[in-house]
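*Asks:* give me a 3D structure for the following:
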Amino acid sequence: MGALPATLAGAVQGALQASAGWWPWLAAPLIGLSLGLFGAGGGMLTVPLLVYGAGLPLKQAVAMSVWLVAGVSLVAAVHQRAWRVMRPGLLAFFGVGGILGGVAGAWLGARVPDLAQQLLFGALLLVVAAWTLRAPLREALPLSFRCRCGLALLAGAGLGVLTGLLGVGGGFLMVPVLIALGLAHLPTAVAHSLVLIVGNALAAGLTYLGEVPLDLGLLTGIGGLAALGAVVGSHLLHRLPQAPLQKGFSVALALLGAVMLGQGLAAALS
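*Replies:* Residues are numbered from 1 along each chain as shown. Prediction:
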């Protein structure tokens, strides 16, 4: 039963590791490009990049991913001047929930087995890819805004746990939730997502300090390239059609998710 996943995962992993000397540096700007365009996807690219490209253990990749996602999201938020469109009430409740969830998720992430973390990460990528392929991000009808603060607090906490546990910002889930909570304009939801990801990821990153070692040289190098990608993505946000870009990105997520989940299942069944 585990032969096919093991074969597929091994083939893809071998191809990635064969080019590990250069492809992490070429792929790093895509982290920022995704965050700038969609307000999402940075951590979903960062963790596989660090695991398969840089050869880091999964737990270390997750701990470094939250710092990368926090820094790159901050660059994108500043470049988009996100503060001009903030809804303070929604931001506060969603943000508090996200920070608390980020701390809890990182505490769990430092303690759960690597295999469980890998299976969860692969499954999350497949779920997000399927969701975004089936229902691309769309703006809602413009209605009068009213903060549903209790729902925002709960949603923030749940997404914060994902950030801490798996090293992802959760933006592909966060942006649709923000639109459902009343942020009808997609760029406004993206701006909120970027600011909220900064808070969630910083809370998770601080919790990981002392629990998991960080490679500061790698973190700085990939972070700088990803920040350049974030500036480009923010510049292109209002200029490129979202739907075809999102479909292509969803396919990439599905492939990465299949590799990580297949490899994890093969290890679990062996």
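*Asks:* how long is stretch 104-119 end to end?
*Replies:* Stretch 104-119 stretches 19 Å from its first residue to its last (Cα to Cα, to the nearest Å).
*Asks:* can you list contacts of that stretch?
*Replies:* 57-59, 62-63, 66, 157, 160-167, 203-205, 207-208, 211-212, 260-261, 263-265, 267-268 (Cβ atoms under 8 Å, 6 or more residues apart in numbering). C-beta coordinates here come from the backbone N, C-alpha and C atoms, glycine included.
*Asks:* filter these down to the ones in helices?
*Replies:* 58-59, 62-63, 66, 157, 160-166, 203-205, 207-208, 260-261, 263-265, 267-268 (DSSP state H).
*Asks:* which residue ranges of this structure form strands?
*Replies:* Secondary structure of the chain (DSSP state E): no strands located.
*Asks:* low-confidence bits of the stretch 51-200 of the chain, can you list those?
*Replies:* Scanning the stretch 51-200 of the chain with the threshold set as pLDDT under 70 gives 135-146.
*Asks:* helices along that one, start to end?
*Replies:* 58-79, 88-109, 114-134, 149-166, 171-180, 186-208 (DSSP state H, counting those that start in this stretch).
*Asks:* okay, residue 61 and residue 76: tell me how far apart.
*Replies:* 21 Å (Cβ to Cβ, to the nearest Å).
*Asks:* before we move on, the earlier item: could you dump the helices of the stretch 51-200 of the chain to a markdown table with distance to residue 233 and mean neighbour count?
*Replies:* What follows is the helices of the stretch 51-200 of the chain, written out as a markdown table (distance: least, Cβ to Cβ, whole Å; neighbours: other Cβ atoms under 10 Å):
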| stretch | distance to residue 233 | mean neighbour count |
| --- | --- | --- |
| helix 58-79 | 7 | 26 |
| helix 88-109 | 21 | 22 |
| helix 114-134 | 17 | 19 |
| helix 149-166 | 20 | 23 |
| helix 171-180 | 12 | 23 |
| helix 186-208 | 10 | 26 |
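*Asks:* output those helices in JSON lines; the columns should cover distance to residue 48.
*Replies:* Shown next, in JSON lines, are the helices of the stretch 51-200 of the chain (distance: least, Cβ to Cβ, whole Å):
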{"stretch": "helix 58-79", "distance to residue 48": "8"}
{"stretch": "helix 88-109", "distance to residue 48": "16"}
{"stretch": "helix 114-134", "distance to residue 48": "8"}
{"stretch": "helix 149-166", "distance to residue 48": "12"}
{"stretch": "helix 171-180", "distance to residue 48": "15"}
{"stretch": "helix 186-208", "distance to residue 48": "17"}
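*Asks:* tell me which of those lies nearest to residue 22.
*Replies:* Taking Cβ to Cβ, helix 58-79 is the member of these nearest to residue 22, at 18.4 Å.
*Asks:* which ones are touching residue 86?
*Replies:* Residue 86 sits in contact with 191, 192, 195, where contact means Cβ under 8 Å, 6+ apart.
*Asks:* not counting sequence-adjacent ones, nearest residue to the second one?
*Replies:* With sequence-adjacent residues excluded and distances taken as Cβ to Cβ, 6 or more residues apart in numbering, residue 192 is closest to residue 178, at 5.4 Å.
*Asks:* ok, that neighbour to residue 24 distance?
*Replies:* 31 Å.
*Asks:* residue 187 now?
*Replies:* 30 Å.
*Asks:* ditto for residue 161
*Replies:* Counting by Cβ to Cβ, the gap from residue 161 to residue 24 is 27 Å.
*Asks:* got it, and residue 77?
*Replies:* Taking Cβ to Cβ, one finds residue 77 at 24 Å from residue 24.
*Asks:* same question for residue 259.
*Replies:* 16 Å.
*Asks:* likewise residue 181?
*Replies:* 36 Å.
*Asks:* likewise for residue 211?
*Replies:* From residue 211 to residue 24 the distance is 24 Å (Cβ to Cβ).
*Asks:* burial measure for the closest residue in space to residue 171 that isn't next to it in sequence, as a count.
*Replies:* In this structure, residue 171 finds its nearest non-sequential neighbour in residue 40, 2.6 Å apart by Cβ to Cβ, 6+ apart. Counted by other Cβ atoms under 10 Å, the residues lying close to residue 40 total 28.
*Asks:* and residue 40, what does it touch?
*Replies:* 34, 169, 170, 171, 172, 173, 174, 175, 193.
*Asks:* no further queries at this time; thank you.
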